[in-house]
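Just a sequence and a predicted model for now, questions to come.
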Amino acid sequence: MNVAFALFRYFPFGGMQRDMLAAARRCHAAGHEVRVLCHTWEGERPDELQVDVLQVAGHSNHGRAGRFAAALAQHLRQRPADAVVGFDKLPGLDLYFAADPCFVARTAARSWPYRWTPRYRTFRRLEGAVFGPHAGTRVLLLDPRERAHYQRAWHTPDDRFELLPPGVARDRRHGPDADQLRRSGRAEFGIDENQILLLMLASNLALKGFDRVVAAMRALPPDLRTRTRLLAVGQPPDATLRRHVAAAGLTDRVAIVPGRADVPRLLQAADALVHPAYRDTTGTVLLEAIVAGLPVLCTAVCGYAPHVRQSGAGIVLDEPFSAGAMRTGLLDLLTGERATMRANALRHADRNDLHGMHDAILRAIEAAPGHTDG
């Protein structure tokens with residue numbers, strides 16, 4: 001089977017990008033011919049996959065997105081695929097991996113002139129090509145709550161949605177080397193066992209609530225604040241992030257470092273994961289923490305927040321967000337029974353399928369109309 005995976009931008013530490021690469025590799029391992037079509041590829045290219053970069057010009061995100069959609073369509077006319085799997089909203093997809101929220105629903109409160117802008121019309125058109133009632137795209141859903149938003153905006157039939165299980169990498173699980181990883185990770189960042197290490201993992205720290213974490217740390221009782229450190233991993237520190245830290249007087253207690261590959265070591269080195277996101281369709285990092293046995297503090301907007309609540313693996317902050325609830329939640333996390341939360345997390349990881357997403361994507365691809373056996 002000839003399978004094309006399409007996305008606008010690949011970079012190594014994005015959650016959707018990691019899922020795309022894992023699914024493409026799973027498809028290749030099953031014996032299918034796989035190529036990845038993108039506008040931008042950052043980082044190393046996988047040896048086993050063909051990567052075609054379709055470069056287009058444009059001075060705006062929506063301009064480049066529209067031109068990329070046209071370039072993709074032309075490429076597929078010249079080199080057809082049995083199945084086209086999109087990780088961004090694009091015309092001509094057989095399957096769409098729904099990593100992003102509904103654009104129409106998210107912008108519904110904007111003033112009516114916004115709906116006449118080229119940006120709105122472009123992104124609405126691309127979303128309609130996937131979710132419109134007469135489109136043929138099957139939607140691989142990550143957050144069941146998003147189905148209602150899409151159906152309200154586009155009247156997409158129920159039978160075009162398929163809910164995927166989570167897809168946590170198995171190397172995130174708490175294993176026999178957990179203690180060694182903890183010692184190594186804490187030693188690198190100069191954290192002793194009397195200190196408490198909070199971890200943030202995100203390619204966009206601002207979107208995932210970095211400012212909220214810093215403000216809550218500032219409000220901790222002095223003795224606890226002195227013992228607490230924050231390691232934020234995912235992007236180089238920019239001026240805005242630095243200003244938050246400096247304004248809170250926490251320059252010596254917060255480290256911001258670019259994305260890195262040793263996530264299992266970071267998970268074991270930390271004492272808790274903090275993820276008070278403004279928006280997150282899934283929040284795979286919440287489940288990475290759970291399978292590692294790491295207590296979690298997150299917001300209820302995260303698609304996977306119910307796993308944290310149901311398992312007793314941490315604290316979920318209800319919406320609408322409250323800075324006071326954030327301060328209380330962080331204090332409760334730091335002074336509470338983290339050992340119990342850790343045990344609850346590992347029990348939940350053992351009892352639930354948190355790893356099956358990429359096998360489910362493969363099954364959906366092989367069930368696509370263009371697939372024939374033999």
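Right, received. Where do you want to start?

Okay, strands next: where are they in the stretch 251-374 of the chain?
In the stretch 251-374 of the chain, the segments counted as strands under DSSP state E, counting those that start in this stretch are 254-258, 272-275, 296-299, 314-317.

Using TSV, lay out those together with mean neighbour count, distance to Arg79 and mean pLDDT.
C-betas here are computed from N, CA, C, even on glycine. Formatted as TSV, the strands of the stretch 251-374 of the chain follow (neighbours: other C-beta atoms under 10 Å; distance: least, C-beta to C-beta, whole Å; pLDDT from 0 to 100):
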stretch	mean neighbour count	distance to Arg79	mean pLDDT
strand 254-258	17	35	97
strand 272-275	26	40	98
strand 296-299	27	42	98
strand 314-317	24	46	98
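
Among the ones you listed, which comes closest to Leu197?
Distance to Leu197, taken as C-beta to C-beta, is lowest for strand 272-275 among the strands of the stretch 251-374 of the chain, at 8.0 Å.

So in that sheet, which strands flank that closest one, and in what orientation?
strand 196-201 (parallel), strand 296-299 (parallel) (DSSP bridges).

Quick one, which of the ones you listed gets closest to His62.
Here strand 296-299 is closest among those (C-beta to C-beta), at 28.2 Å.

So what touches that closest one?
Contacts of strand 296-299 with the rest of the structure, by C-beta atoms under 8 Å, 6 or more residues apart in numbering, involve 209, 272-278, 280, 283, 286, 289-290, 305, 308, 313-317, 319, 321, 329-330, 333, 341, 345.

Grab the nearest non-local neighbour of Thr228.
Ile196 (4.8 Å; C-beta to C-beta, 6 or more residues apart in numbering).

For the stretch 51-200 of the chain, which segments count as helices?
Along the stretch 51-200 of the chain, counting by DSSP state H, counting those that start in this stretch, helices occupy 61-78, 103-106, 118-131, 145-154, 178-188.

Grab the nearest non-local neighbour of Gly185.
Ala269 (2.7 Å).

Hmm, Phe321 is touching Ala277, no?
No - contact criterion C-beta atoms under 8 Å: Phe321 and Ala277 do not qualify, at 9.6 Å.

So these two - more neighbours on which side?
Per other C-beta atoms under 10 Å, whichever of Phe321 and Ala277 has more neighbours is Ala277, with 24 against 16.

Spit out the contact partners of the more buried one.
Ala277 is in contact with 202, 207-209, 283, 298-299, 301-302, counting by C-beta under 8 Å, 6+ apart.

Go again with 10 Å.
With contacts defined as C-beta atoms under 10 Å, 6 or more residues apart in numbering, Ala277 is in contact with 202, 204, 207-210, 212, 283, 285-286, 298-302, 305, 317, 321.

Likewise for Leu230?
196-200, 210, 213-214, 217, 245, 250, 253-256, 270, 274.

Could you rerun that using 6 Å?
Contacts for Leu230 (C-beta atoms under 6 Å, 6 or more residues apart in numbering) come out as 198, 254.

Tell me the secondary structure at it.
Of the three states, Leu230 takes strand under DSSP: H, G, I helix; E, B strand; the rest coil.

Local confidence estimate at Ala368?
If you check Ala368, the pLDDT there is 89.

Go ahead and confirm it touches Ala81.
No - the criterion here is C-beta atoms under 6 Å, and Ala368 misses it with Ala81 at 9.8 Å.

So which of those two has more stuff around it?
Ala81 (22 against 17).

Return the residues in contact with the more buried one.
Taking C-beta under 6 Å, 6+ apart as the test, what Ala81 contacts is 2, 4.

Can you pull the poorly scored residue ranges out of the protein?
370-374 (pLDDT under 70).

how many other residues sit next to the nearest residue to Pro157 once chain neighbours are set aside?
Using C-beta to C-beta, 6+ apart and skipping residues adjacent in sequence, the residue nearest Pro157 is Pro133, 6.8 Å away. Neighbour count of Pro133, defined by other C-beta under 10 Å: 11.

Then the one 3 residues further on?
Burial of Gly136 is recorded as 11 neighbouring residues (other C-beta under 10 Å).

returning to what we had before: dump the strands of the stretch 251-374 of the chain into TSV; add distance to Arg227 as well.
Output for the strands of the stretch 251-374 of the chain, formatted as TSV (distance: least, C-beta to C-beta, whole Å):
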stretch	distance to Arg227
strand 254-258	14
strand 272-275	13
strand 296-299	17
strand 314-317	19
